[in-house]
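**Q** Okay, structure incoming, though there's no sequence with it:
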């Protein structure tokens with residue numbers, strides 16, 4: 001007898017807006033099914049029993065080894081999407097964050113790492129690059145950033 005795959009679930013996520021002037025710190029992603037290159041702020045899944053603010057702090061330490069000294073909730077958005085041909089649904093807590101020693105992120109190329117050891121390519125990108133058509137996810141984040149300038 002074939003076993004049914006688990007029902008899709010909504011994922012709670014905490015993302016960090018690390019901003020300096022007109023630039024934000026993001027990672028580069030790729031959807032091979034859509035042949036799409038995109039960018040997204042760092043962060044990740046909120047674990048059971050963990051607050052969103054604690055999750056964003058933990059994720060930044062795990063991914064790029066930085067300490068968050070302040071995190072202020074900006075907004076919460078619902079993100080329904082398709083990635084690599086599979087549907088996804090997230091409730092995303094978006095935080096403005098301040099880092100201990102933020103200059104470390106300006107010291108050339110920064111590799112980040114997922115908990116499974118997978119490398120992620122992190123970089124500074126101008127908000128104007130996203131206005132010109134580069135994809136920034138979750139959808140609607142660019143408008144939030146522009147409103148906050």
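**A** That came in fine, so what should we check first? Because the structure is a prediction, the values reported are computed rather than measured. Numbering: from 1, shown residues only.
**Q** what's the longest helix in this protein?
**A** Taking DSSP state H as the criterion, the chain has its longest helix at helix 52-64.
**Q** Need the nearest residue in space to residue 131, chain neighbours excluded.
**A** In space, and not counting its chain neighbours, residue 131 is closest to residue 142: 7.1 Å by Cβ to Cβ, 6 or more residues apart in numbering. (Glycine included, C-beta is placed from N, CA and C.)
**Q** Quick check: which helices or strands does the lowest-mean-pLDDT helix or strand in the chain pack against?
**A** Every helix and strand of the chain was ranked by mean pLDDT, DSSP states H and E. The lowest is strand 110-113, at a mean of 79. On a contact count with 3 or more Cβ pairs under 8 Å, 6 or more residues apart in numbering; DSSP states H and E, strand 110-113 meets helix 52-64, strand 119-126.
**Q** ok, of these, where does mean pLDDT dip lowest?
**A** Note on these: strand 119-126 shows the lowest mean pLDDT, a mean of 92.
**Q** same for it, what does it pack against?
**A** strand 23-31, helix 52-64, strand 110-113.
**Q** Just the buried residues of the next helix or strand after that strand, please?
**A** Sequence-wise, the next helix or strand downstream of strand 119-126 (DSSP states H and E) is helix 127-131. By neighbour count with 16 or more other Cβ atoms under 10 Å, helix 127-131 contains the buried residues 127, 130.
**Q** how many other residues sit next to residue 12?
**A** By the criterion of other Cβ atoms under 10 Å, residue 12 has 17 neighbours.
**Q** pretty sure it is touching residue 50, no?
**A** No: Residue 12 lies out of contact with residue 50 (Cβ atoms under 8 Å); the separation is 9.3 Å.
**Q** can I get the helices and strands packed on strand 119-126 in a markdown table with distance to residue 123 and mean neighbour count?
**A** Formatted as a markdown table, the helices and strands packed on strand 119-126 follow (distance: least, Cβ to Cβ, whole Å; neighbours: other Cβ atoms under 10 Å):
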| stretch | distance to residue 123 | mean neighbour count |
| --- | --- | --- |
| strand 23-31 | 7 | 19 |
| helix 52-64 | 11 | 20 |
| strand 110-113 | 7 | 16 |
